[in-house]
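[1] prediction below, plus the sequence it came from.
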Amino acid sequence: MPRKVRYNLAASLDGFIATPTGSYSWIVDDKTIDFDSLYAQFGCFVMGRTTHEAYLAMDPAENPLRAYYKTGSVVVVGDTLDRDLETQVEVVKLGEVESFVRALKGREGGKDGDIWLMGGGKLAGEMLRLGLVDTVEVAVMPVLLGEGVKMFEGKGREEGWRLELRGCERKETGILMLEYDVLYEEPWR
């Protein structure tokens, strides 16, 4: 079975993934979410430069990607980056992301697991336009930000993208865990 690109993220109710300054402090802490189990579902982590820099700024003991650096599992998309020798992440230019991700998707899942699109909004918007995002899995926080980094940035399309709900779970903290398949060719009903 081919690997899926899963855009898995936390967002405010009004659709932002970070404040204008890049802060994530508004994300509600929910001890019932098993992040170790979540990370184990993935064999590759794709992100933009700003998201990568946010992970690098974390205390190394708290960085959930620490076990994946130096394994070739972390891919950073950006035109202003060189290969990061410390973490040994793979660096891909934005113009090459389509062929790179299609090659990743073509590998059989198995022990490699799916591909986690971690953000940011610009990269997610571009990958959606290219038809690369298979699912959108969003933890909707009971928070309104009013402004910030959108879940999807850049040029949309007139007819939008149709989504099919695959799962919905309400947490005691008020978080809604939503899972959608992206239906690229499905007409509006």
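    Right, received. Where do you want to start?

[2] mind listing what's buried in stretch 125-134?
    125-129, 132-134 (16 or more other C-beta atoms under 10 Å). Any C-beta I mention is one placed from the backbone N, CA and C, and that applies to glycine too.

[3] what average pLDDT does it get?
    Average pLDDT, stretch 125-134: 95.

[4] likewise stretch 141-161?
    Stretch 141-161 comes out with an average pLDDT of 91.

[5] buried sites along that stretch?
    Under 16+ other C-beta under 10 Å, the buried positions of stretch 141-161 are 141, 143, 145, 148-152, 161.

[6] hmm, who's touching it?
    With contact meaning C-beta atoms under 8 Å, 6 or more residues apart in numbering, stretch 141-161 is reached by 9-20, 22, 26-28, 119-122, 124-126, 128-129, 138, 173-175, 182-184, 188.

[7] just the ones in helices from the residues you listed, please.
    Using DSSP state H, the subset of the contacts of stretch 141-161 located in helices is 121-122, 124-126, 128-129.

[8] columns distance to Cys44 on top of these, output as TSV?
    Formatted as TSV, the ones in helices among the contacts of stretch 141-161 follow (distance: C-beta to C-beta, whole Å):
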residue	distance to Cys44
Gly121	20
Lys122	19
Ala124	15
Gly125	20
Glu126	17
Leu128	18
Arg129	20
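
[9] looking at those residues, spot the one nearest Gly113.
    Proximity of the ones in helices among the contacts of stretch 141-161 to Gly113 was ranked by C-beta to C-beta; the top entry is Ala124 with 19.3 Å.

[10] tell me the SS of Ala54?
    helix (DSSP: H, G, I helix; E, B strand; the rest coil).

[11] let me see the contact set for Arg170.
    Applying C-beta under 8 Å, 6+ apart, the residues near Arg170 are 176-177.

[12] that one and Ala10, how far apart?
    15 Å (C-beta to C-beta, to the nearest Å).

[13] the residue nearest to the spatial centre of the chain and Glu159: what is the separation?
    By C-alpha atoms, centre = their mean, the chain has its centre lying nearest to Met118, at 2.4 Å. Per C-beta to C-beta, Met118 is found 27 Å from Glu159.
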